[in-house]
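S.K.: sequence first, then the predicted structure:
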Amino acid sequence: MSLPPFKVLRPRSIDEAIGHLDKHAANIRVLAGGTDLIPSMRQRLFEPEYVLDLRRIPQLRGIKQRPDGGVEIGALTTLRTIERSEFLRRHYPVLTEAAATVASPVLRNMGTIGGNICLDTRCLWYNQSLTWRKGCGFCIKKDGDLCHVAPGGTKCWAAFSGDTPPALLCLKAEIEMAGPSGVRRIALQDFYTGLGDSYRKLQSNELVTRVFLPRETANYTGVYRKLRVRGSIDYPLAGVAVVMKRASNGNGVGHISDARIGITAVNPAPLLVKGATELLAGKELNDALAEAVGDLAAKTAKPLTTSALTPEYRREMIRVFTRRAILAAASN
Ligand SMILES: Cc1cc2nc3c(=O)[nH]c(=O)nc-3n(C[C@H](O)[C@H](O)[C@H](O)COP(=O)(O)OP(=O)(O)OC[C@H]3O[C@@H](n4cnc5c(N)ncnc54)[C@H](O)[C@@H]3O)c2cc1C
């Protein structure tokens, strides 16, 4: 499939980039690594007049420790850089583990953390060629008003399928966005709408510029598990991130003092499992407790027929992965 025609804009600073976005807001798309945007443009999901290539803006790259003990990651930092960062591996292991599962090494060399956070939602009826979509009937997410997944429904159920956001949610990450009226910083949790079509709260003249990880969640143990069709290169069809802090009881590690569970690919947004922290906090971990949290995660997952595997199987795998990931995080 060929690309539609477009003009490339290559700003050298964040201000210049925002100027372009503001001027062409209705007809421009941001390109970071391009690993999701370019295939989508080939499928005619987007046909912008302008593509804003961020790759010549050095301020958007890199991992820096902050004076407050946390860390900031530039939106254009590649997933490979994150995966290979010794600092992140030591202090925020759930993030390096999640980053290392994205797609394949070649795509991780190009794909960025900002692109992974902003990743478009996915559905069997959406990520298809124009001919295919036209043949089946356009859907709510693009050009139509019906939903093939939930017939009669008015909500889009396309699934958010990025691997790093559930890990970032567990770590209490915040993101910075820059636009014509300045810079704003919000909890990543507040970035997603929960709708498959308009899935993120980003104005068309705004850029995601940085991700912040707080000191508070540094050194939590962490585990990420994902289900995919091809182990070597595939989006998650169910993904679970777990972070945990154990109290010291004098004879080594004791009860869980804090924990969070994040899930992906089974809802239109990545989500923290409500109630999991309360269920785990202050307890000694055992199989029954891990099982109970797995049940809670499975109840939070609302997969529909948006992918090749059945919703029932994906929900069950959320339960299984949550239980396994909790036990693994506790033994790290
Ligand atoms: C075969 C294949 C397998 C894949 N497997 C996985 C997988 O297993 N897990 C996974 O998570 N992803 C997967 N992907 C998707 C993709 O490679 C990653 O999500 C990657 O992190 C996207 O980053 P990017 O920089 O390439 O984003 P791009 O493609 O450049 O952009 C993605 C979206 O984010 C927007 N965007 C990017 N950066 C910014 C910014 N700074 N500010 C505002 N908007 C921005 C773009 O406009 C676009 O809408 C796969 C892709 C392919 C082709």
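M.R.: Sure, I can see it.
S.K.: need the pLDDT of the residue in the chain that the ligand sits nearest to.
M.R.: Nearest residue of the chain to the ligand (CB to the nearest ligand atom) works out as residue 115 at 2.2 Å. Where you see a C-beta, it was placed from the backbone N, CA and C, and this is true even at glycine. You'll see residue 115 listed with a pLDDT of 98.
S.K.: shouldn't it be in contact with residue 33?
M.R.: Yes. The pair residue 115 / residue 33 is scored as a contact, 5.3 Å apart, by CB atoms under 8 Å.
S.K.: ok, those two, which is more surrounded?
M.R.: Of the pair residue 115 and residue 33, residue 115 is the one with more neighbours under other CB atoms under 10 Å, namely 26 against 22.
S.K.: residue 145 versus the closest residue to the more buried one other than its chain neighbours, what's the distance?
M.R.: Nearest residue to residue 115, sequence neighbours excluded (CB to CB, 6 or more residues apart in numbering): residue 32, at 4.1 Å. Residue 32 is 31 Å from residue 145, where distance means CB to CB, to the nearest Å.
S.K.: so which of those two has more stuff around it?
M.R.: More neighbours surround residue 32 than the other of residue 32 and residue 145, with 26 against 9 (other CB under 10 Å).
S.K.: any idea how far residue 27 is from residue 204?
M.R.: According to CB to CB, residue 204 stands 9 Å off from residue 27.
S.K.: hmm, back to that, quick one: pLDDT of the residue nearest to residue 115?
M.R.: For residue 32, the pLDDT comes out at 98.
S.K.: what residues are up against it?
M.R.: Listed by CB atoms under 8 Å, 6 or more residues apart in numbering, the contact partners of residue 32 are 54, 55, 75, 76, 111, 112, 114, 115.
S.K.: now residue 140
M.R.: Per CB under 8 Å, 6+ apart, neighbours of residue 140: 146, 147, 154, 155, 156, 196, 197.
S.K.: joint contacts of residue 204 and residue 27?
M.R.: By CB under 8 Å, 6+ apart, no residue touches both residue 204 and residue 27.
S.K.: still on that earlier bit, now pLDDT, distance to residue 279 and secondary structure too, for the contacts of residue 140, in a markdown table please.
M.R.: Below are the contacts of residue 140 laid out as a markdown table (pLDDT from 0 to 100; distance: CB to CB, whole Å; DSSP: H, G, I helix; E, B strand; the rest coil):
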| residue | pLDDT | distance to residue 279 | secondary structure |
| --- | --- | --- | --- |
| 146 | 91 | 39 | strand |
| 147 | 93 | 34 | coil |
| 154 | 90 | 34 | coil |
| 155 | 93 | 29 | coil |
| 156 | 96 | 31 | coil |
| 196 | 96 | 29 | coil |
| 197 | 96 | 33 | coil |
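S.K.: need the residues you listed in TSV (columns: distance to the ligand and neighbour count).
M.R.: What follows is the contacts of residue 140, written out as TSV (distance: CB to the nearest ligand atom, whole Å; neighbours: other CB atoms under 10 Å):
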residue	distance to the ligand	neighbour count
146	24	15
147	22	21
154	24	9
155	21	13
156	16	22
196	14	27
197	13	17
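S.K.: from residue 23, how far off is residue 324?
M.R.: When residue 324 is compared with residue 23 (using CB to CB), they lie 50 Å apart.
S.K.: and the two? Which one has more around it.
M.R.: With neighbours defined as other CB under 10 Å, residue 324 and residue 23 compare such that residue 324 has more, 16 against 13.
S.K.: so that one is in contact with residue 224, correct?
M.R.: No. With contact defined as CB under 8 Å, residue 324 does not count as touching residue 224 (11.3 Å).
S.K.: alpha carbons only: can I get stretch 303-312 in PDB?
M.R.: This file holds the C-alpha atoms of stretch 303-312, laid out as PDB (Å, rounded to 0.1, in the frame of the first residue of the first chain):
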ATOM      1  CA  PRO A 303     -12.300  -7.000  26.000                       C
ATOM      2  CA  LEU A 304     -14.600  -7.300  23.000                       C
ATOM      3  CA  THR A 305     -14.100  -8.900  19.600                       C
ATOM      4  CA  THR A 306     -11.500  -6.300  18.600                       C
ATOM      5  CA  SER A 307      -8.700  -8.800  17.900                       C
ATOM      6  CA  ALA A 308      -8.000 -12.300  16.700                       C
ATOM      7  CA  LEU A 309      -8.300 -14.000  20.100                       C
ATOM      8  CA  THR A 310     -11.700 -14.300  21.900                       C
ATOM      9  CA  PRO A 311     -12.700 -11.800  24.600                       C
ATOM     10  CA  GLU A 312     -13.200 -14.700  27.100                       C
END
